[in-house]
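Engineer: starting from these lines, generate the structure:
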Amino acid sequence: MQSTTISLKHLSNWYGDVIALNDISLDIGQNVVGLVGPNGAGKTTLLRLITGQLRPTSGTVEIAGQAVFGNPSILARVGYCPEHDHFYEHMTAHQFVTVMTRLFGFDWQESGERATATLSKVNLDEDSATKRPISSYSKGMRQKVKIAQALAHEPEILILDEPLTGIDALSRHHISTLIREYGTRGRTVLISSHVLHEVESVTSEFILINRGRLIAQGNIYEIRDLIDGHPHCIDVQCSNPRALAAQLTTHLSGDLGLQVRGDNLLIIQSATPDEVYAKLPIAAHDAGVTLSRLSSADNNLEAVFRYLTQA
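Structural biologist: As a prediction, the model looks like this:
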């Protein structure tokens with residue numbers, strides 16, 4: 001059982017008459033957890049509350065059993081990568097990360113060494129890190145600097161707000177691996193994104209919020225249990241979709257939707273996908289049909305999000 005490091009109890013936050021977060025209660029342990037939701041769902045507000053930048057309108061935010069707001073000793077254990085840039089633009093990346101690390105109590109020499117090591121970890125090349133001002137960096141390079149400054153003091157809790165935005169595909173894979181590995185060493189990592197497949201590349205554990213409310217929390221496969229009453233779509237590429245459709249009607253029970261597209265695609269809608277997968281090879285054999293590809297978009301986080309927010 002993983003210990004709880006972040007605890008939210010009946011947390012709400014208002015901006016004037018606008019409710020940004022509404023009565024959220026949850027616990028986050030030592031793990032990598034994705035915070036997902038559409039733009040405007042309340043993700044950034046939630047992260048700002050966890051990092052002590054906002055005082056809750058009501059409810060509590062605790063880290064390791066202590067209130068966060070106005071508690072610098074607790075916040076020193078947190079690394080934060082904000083969504084928006086907040087740089088000293090005239091500095092190099094190395095200078096900036098060194099200064100930020102110095103704020104956590106390390107001397108100048110160790111701060112510089114940590115800056116060098118962490119910028120190397122995020123794959124920012126040495127010439128750019130030490131010779132060019134941040135003002136000349138691309139979006140992806142600037143993201144790497146923000147991630148590096150959040151990691152340099154090796155925090156127990158790492159909070160990342162949309163960290164992969166603007167990073168190229170190769171670097172995104174590297175950063176995702178870095179984040180995933182950091183969370184395996186007894187740390188707590190909370191990563192937010194509105195791009196759901198980015199979260200799946202890092203973790204299968206997630207928190208889903210929409211319009212300031214907690215929609216779901218848990219493993220993607222556990223969350224799927226909540227949506228078993230919805231029809232699931234399965235795409236079957238085969239040699240004769242019409243013959244396969246005819247056989248499936250004799251092999252499957254319950255409501256079944258079958259749609260033939262073109263000469264080789266059958267789309268199946270069923271509330272009992274496990275039965276479909278079990279009976280499909282039998283039906284294909286009886287129909288004399290060759291199956292070439294089987295896929296379901298409903299097995300990913302995008303589908304889970306769609307079902308739960310429409311429920």
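
Engineer: only C-alpha atoms for contact and neighbour calcs from this point on.
Structural biologist: OK.

Engineer: point out where the stretch 1-150 of the chain drops to low pLDDT.
Structural biologist: When residues are selected by pLDDT under 70, those of the stretch 1-150 of the chain lie in 1-4.

Engineer: what do you get for the stretch 151-300 of the chain?
Structural biologist: 224-230, 297-300.

Engineer: just the helices in it please.
Structural biologist: 169-182, 196-200, 220-224, 241-251, 273-287 (DSSP state H, counting those that start in this stretch).

Engineer: in contact with residue 68: list those residues for me.
Structural biologist: 50, 51, 52, 61, 62, 74, 75 (C-alpha atoms under 8 Å, 6 or more residues apart in numbering).

Engineer: sorry, back to before: mind checking the helices of the stretch 151-300 of the chain for the one nearest to residue 131?
Structural biologist: Smallest distance to residue 131 across these (C-alpha to C-alpha): 21.1 Å, for helix 169-182.

Engineer: return that closest one as CSV; C-alpha atoms alone will do.
Structural biologist: Presented in CSV, the C-alpha positions along helix 169-182 are these (Å, rounded to 0.1, in the frame of the first residue of the first chain):
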residue,chain,number,x,y,z
ALA,A,169,8.5,13.6,-30.7
LEU,A,170,12.0,12.2,-30.0
SER,A,171,12.5,14.5,-27.0
ARG,A,172,9.0,13.8,-25.8
HIS,A,173,9.7,10.1,-25.6
HIS,A,174,13.0,10.9,-23.7
ILE,A,175,11.2,13.2,-21.2
SER,A,176,8.4,10.8,-20.7
THR,A,177,10.9,8.1,-19.8
LEU,A,178,12.7,10.4,-17.5
ILE,A,179,9.5,11.3,-15.7
ARG,A,180,8.4,7.7,-15.5
GLU,A,181,11.7,6.6,-14.0
TYR,A,182,11.8,9.4,-11.5
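
Engineer: just how off-centre is it within its chain?
Structural biologist: Helix 169-182 sits 12 Å away from the centroid of its parent chain (C-alpha atoms, centre = their mean, to the nearest Å).

Engineer: can you list the buried residues in that helix?
Structural biologist: 171, 172, 175, 176, 179, 180, 182 (16 or more other C-alpha atoms under 10 Å).

Engineer: what sits up against it?
Structural biologist: So helix 169-182 is in contact with 32, 121, 122, 123, 164, 189, 201, 202, 203, going by C-alpha under 8 Å, 6+ apart.

Engineer: now, which of those sits nearest residue 239?
Structural biologist: For the contacts of helix 169-182, the nearest to residue 239 is residue 201 (33.2 Å; C-alpha to C-alpha).

Engineer: any idea how far the nearest residue to residue 145 once chain neighbours are set aside is from residue 167?
Structural biologist: Closest residue in space to residue 145, ignoring its immediate chain neighbours: residue 93 at 6.2 Å, by C-alpha to C-alpha, 6 or more residues apart in numbering. Per C-alpha to C-alpha, to the nearest Å, residue 93 is found 16 Å from residue 167.

Engineer: neighbour count winner among these two?
Structural biologist: residue 93 (33 against 18; other C-alpha atoms under 10 Å).

Engineer: is it true that that one touches residue 127?
Structural biologist: No: using C-alpha atoms under 8 Å, residue 93 is not in contact with residue 127; the gap is 10.1 Å.

Engineer: find the residues that touch each one of these two.
Structural biologist: Joint contacts of residue 93 and residue 127 (C-alpha under 8 Å, 6+ apart) do not exist.

Engineer: give me the number of residues near the residue nearest to residue 88 when sequence neighbours are not counted?
Structural biologist: Leaving out its chain neighbours, the residue that sits closest to residue 88 by C-alpha to C-alpha, 6+ apart is residue 96, at 7.0 Å. If you count neighbours by other C-alpha under 10 Å, residue 96 ends up with 24.
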